[in-house]
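1. my questions are about this predicted structure, shown below with the sequence.
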Amino acid sequence: MTTTYPSSPTRQFHRQSSATGGGAAGSNKPDIQSSSTYAYTRTPSSIITLATCNLNQWALDFDGNATRILTSCQIAKDQHATYRLGPELELCGYGCEDHFLEQDTFDHCWESLVWLLDEGASDGLVCDFGMPVLHGGVRYNCRVICYNRKVLLIRPKTAMADNGNYREGRYFTAYTAPTSSSTGGGSERHLLPTNFANKFGQRDVPFGLHYITCADGTTIGCESCEELWTPQSSHIDLALRGVEIIGNGSGSHHELRKLSTRMELMINATRKCGGVYLYSNQRGCDGSRTYYDGCAMIVVNGRIVAQAPQFDVQDVHVVTATVDLDDVRSYRASQPSFGIQAARLATEEGSGGGGNGLLCDDIHLVFDPLDVSLSGKNRPKVAEEDLSLQIAAPEEECCLGPACWLWDFLRRSGAAGFFLPLSGGADSSSVAAIVAVMCILVTKAARDDPEGNVAQDCRRVCRQDENSLWVPATPQEMGNHVLHTTFMGTDNSSEVTKSRAKRLGDAIGSYHLSIKIDLMVSAVLQVFQLATGHMPRFLSRGGTMSEDLALQNIQARLRMVTAYLMAQLLPWVRGRSGFLLVLGSANVDEGLRGYMTKYDCSSADLNPIGAISKGDLKRMLLFLSKKYPDFDVLAEIANAPPTAELRPIDAATATAEAGHSQTDEDDMGMTYEELGYFGRLRKISRCGPVSMFRKLLVTWSHLSPSEVASKVKRFFYYYSLNRHKMTTITPAYHAEAYSPDDNRFDLRQFLYNTKWTRQFAVIDDIVAQHPETDKDKND
């Protein structure tokens with residue numbers, strides 16, 4: 001079925017003279033005066049329907065993954081698509097990590113592929129699947145293109161993603177095409193597994209950087225995720241070779257403000273080179289900290305013609321578009337510079353050109369709109385108008401992404417809900433609001449389709465009869481089933497925060513308790529006094545800083561112990577089965593600075609805000625208070641000064657807004673806005689102390705060099721002093737590029753020389769040499 005194809009096919013137009021033509025004897029050229037008729041074959045259609053999708057895959061859930069893939073293929077066929085693109089490594093799930101080192105993972109993928117083809121997934125549909133392939137003893141991240149129960153091509157990835165959360169180079173090898181001499185002048189062949197060969201009678205398949213050319217002239221190529229982001233992207237070479245349709249199966253996770261960059265790359269790729277560009281992505285949590293944010297789309301000549309949602313609770317979302325490939329050919333032909341470079345590439349490779357094409361002479365993907373048998377078909381119209389970019393604002397991303405991530409964790413973990421220590425402050429209130437948004441999304445989806453997968457999961461999580469059609473009447477009803485909140489106060493807590501926590505719990509519908517834990521604190525301190533003969537005191541009452549910190553920490557740690565007790569027993573108290581997942585609420589800036597107690601309420605099962613800044617959280621709270629009037633208390637919480645409420649209240653300095661005299665920014669010696677600067681420069685700009693100081697001298701020009709130096713040195717001192725806390729940090733939703741998560745993302749030591757001897761000495765030298773060492777004196 002598949003052979004090496006040297007060049008593109010041409011279409012023929014024939015002119016025939018009449019039998020009584022008056023041309024010269026022996027001449028094949030008819031006389032221009034003679035009567036003649038024209039017999040011609042109508043130019044084949046160039047209109048095609050294409051499909052791409054978001055899939056909520058789960059690492060190592062081979063049966064579930066295969067079922068979702070099959071569903072997407074069936075939907076694509078229902079839309080009369082003839083090509084379907086799926087996400088990267090969709091058969092096993094992108095996040096298998098070190099499981100990619102196991103042979104079982106590869107074997108199960110082939111089992112899934114056999115099942116999919118046997119179920120008819122590729123019948124009449126070119127399917128571009130993503131899966132790992134072991135070829136020649138080397139692991140590759142591949143695209144496997146199938147049609148009518150045959151594998152047409154295995155195309156390996158050429159550029160690995162190895163930055164940030166990505167570790168592809170640990171599991172896979174970037175493919176390099178062999179020279180023609182090493183393969184005897186032909187393409188590499190991959191020997192298919194025995195179970196596949198026995199089932200479908202196919203022994204091997206081309207392996208390498210090829211593209212598919214169909215009998216109707218349609219050409220399809222592959223570009224895989226990271227290849228789009230590289231300087232020499234694959235789509236450039238494919239376009240110059242005449243490939244019209246390029247599919248990018250991706251495993252791209254959500255990060256605040258990242259989607260616009262991703263979309264611009266695809267738009268610019270086709271605006272510059274022309275062509276149809278399909279993008280497919282996973283959407284959801286596949287078992288780790290990242291949330292894959294979907295947004296599958298189809299772009300034609302720089303225009304978006306189809307786009308799937310970025311955030312959703314559905315497992316499968318397919319988008320289709322009908323396009324005219326002649327629009328691509330015309331677009332490219334109208335750009336002389338494109339033609340020059342394409343011709344140059346063909347010349348450099350010899351007269352044949354297009355040497356990477358594989359001719360599949362029994363595949364016809366375009367359809368004839370004049371075919372009467374197709375009338376009335378549910379086929380999308382030819383895309384002629386641009387779609388406006390659907391990009392969520394950062395404050396929307398902050399709630400929608402973590403909400404969908406939490407839903408995946410909840411339904412796949414088997415838990416009966418969440419437990420959240422709710423202090424009434426911005427951080428824990430943000431987590432509660434995110435769970436409320438989760439309930440809004442799930443309730444709507446369940447009520448829209450009471451028999452669908454979301455409704456079934458909702459009944460199971462809420463411990464309702466799974467054979468019924470019960471769905472929550474309101475998000476608050478679901479919230480009462482799944483969210484349990486408790487205000488854990490002490491004598492140091494204010495009535496202001498207690499009231500906010502209660503009002504927010506009521507608005508969300510959570511099962512809410514207000515308790516005091518002073519008895520626990522007193523009991524622990526009495527044990528300490530019996531053991532040592534000493535009783536610690538707060539700094540404001542004559543104690544030392546060590547005593548003060550110890551008294552603050554014991555309150556915080558006892559809240560963690562209480563949280564896990566509540567999480568285990570509250571379902572029993574309510575006459576229900578199951579357990580609750582404990583939610584943490586430490587933001588990214590506190591983690592960066594280490595402004596948290598180790599093993600306090602920052603220690604939990606999950607933390608949906610662990611990589612979101614305080615500034616973004618406040619903007620999210622204000623956004624939600626306006627979007628949902630019932631949540632108006634969130635605006636009050638957002639505008640209140642952050643406070644830990646672990647020291648005794650000083651009535652002389654307490655404010656009405658905070659309800660307390662202790663504030664976070666005073667304790668830290670820096671503002672949350674400053675922490676945002678430090679975090680971005682440290683991680684995103686890869687700055688050490690000296691380079692950070694140099695940049696901030698310009699950015700903070702309103703401060704003297706000595707003041708800037710003091711702030712930078714204070715940050716690095718506390719960052720390095722508290723870095724050890726990141727080694728035990730709760731798994732957090734990844735949202736911010738400067739997250740200090742030590743487990744996977746921010747790989748740095750946790751034992752530092754906190755004096756930063758050389759670095760701080762260089763900063764001091766720069767300050768001493770600066771002519772303006774004290775800005776106030778020159779003002």
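-> Alright, I've got the coordinates.

2. so residue 141, which of the three states?
-> For residue 141, the assignment made with DSSP: H, G, I helix; E, B strand; the rest coil gives strand.

3. separation between it and residue 63?
-> 22 Å (Cβ to Cβ, to the nearest Å). Every C-beta, even on glycine, is put in place using the N, C-alpha and C of the backbone.

4. neighbour count: those two, which is higher?
-> Neighbour totals were compared for residue 141 and residue 63, and residue 141 leads with 29 against 11 (other Cβ atoms under 10 Å).

5. quickly list what the more buried one is bridged to.
-> residue 132 (DSSP bridges).

6. do the one 10 residues further on as well
-> Assessed by DSSP bridges, residue 151 has beta-bridge partners residue 146.

7. residue 417 now?
-> According to DSSP bridges, the partner residues bridging residue 417 are residue 580.

8. check what pLDDT it gets.
-> Here, the pLDDT recorded for residue 417 equals 97.

9. can you get me a residue count around it?
-> Neighbour number of residue 417 under other Cβ under 10 Å is 28.

10. can you pull the contacts of it?
-> Shown in contact with residue 417 (Cβ atoms under 8 Å, 6 or more residues apart in numbering): 410, 461, 481, 482, 483, 484, 571, 578, 580, 581.

11. which of the residues you listed count as buried?
-> Those of the contacts of residue 417 that meet the buried threshold are 410, 461, 481, 482, 483, 484, 571, 580, 581, by 16 or more other Cβ atoms under 10 Å.

12. using a markdown table, lay out those together with secondary structure.
-> Output for the buried ones among the contacts of residue 417, formatted as a markdown table (three-state DSSP):
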| residue | secondary structure |
| --- | --- |
| 410 | helix |
| 461 | helix |
| 481 | helix |
| 482 | helix |
| 483 | strand |
| 484 | strand |
| 571 | helix |
| 580 | strand |
| 581 | strand |
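
13. now those residues in JSON lines, with pLDDT and distance to residue 757?
-> Below are those laid out as JSON lines (pLDDT from 0 to 100; distance: Cβ to Cβ, whole Å):
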{"residue": "410", "pLDDT": "96", "distance to residue 757": "48"}
{"residue": "461", "pLDDT": "96", "distance to residue 757": "54"}
{"residue": "481", "pLDDT": "97", "distance to residue 757": "56"}
{"residue": "482", "pLDDT": "98", "distance to residue 757": "52"}
{"residue": "483", "pLDDT": "98", "distance to residue 757": "49"}
{"residue": "484", "pLDDT": "98", "distance to residue 757": "49"}
{"residue": "571", "pLDDT": "96", "distance to residue 757": "54"}
{"residue": "580", "pLDDT": "97", "distance to residue 757": "48"}
{"residue": "581", "pLDDT": "96", "distance to residue 757": "44"}
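
14. turn those into CSV, columns for distance to residue 538.
-> As requested, these are exported to CSV (distance: Cβ to Cβ, whole Å):
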residue, distance to residue 538
410, 40
461, 43
481, 41
482, 38
483, 34
484, 32
571, 37
580, 33
581, 34
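
15. just the helices in the stretch 601-750 of the chain please.
-> Assigned by DSSP state H, counting those that start in this stretch, the stretch 601-750 of the chain shows helices spanning 614-627, 633-638, 664-668, 672-679, 689-699, 705-721.

16. now residue 419, what's its secondary structure?
-> Assigned by three-state DSSP, the conformation of residue 419 is strand.

17. quick check: closest non-adjacent residue to the residue nearest the centre of the chain.
-> By Cα atoms, centre = their mean, the chain has its centre lying nearest to residue 253, at 2.0 Å. Leaving aside its chain neighbours, residue 253 sits nearest to residue 290 (3.7 Å; criterion: Cβ to Cβ, 6 or more residues apart in numbering).
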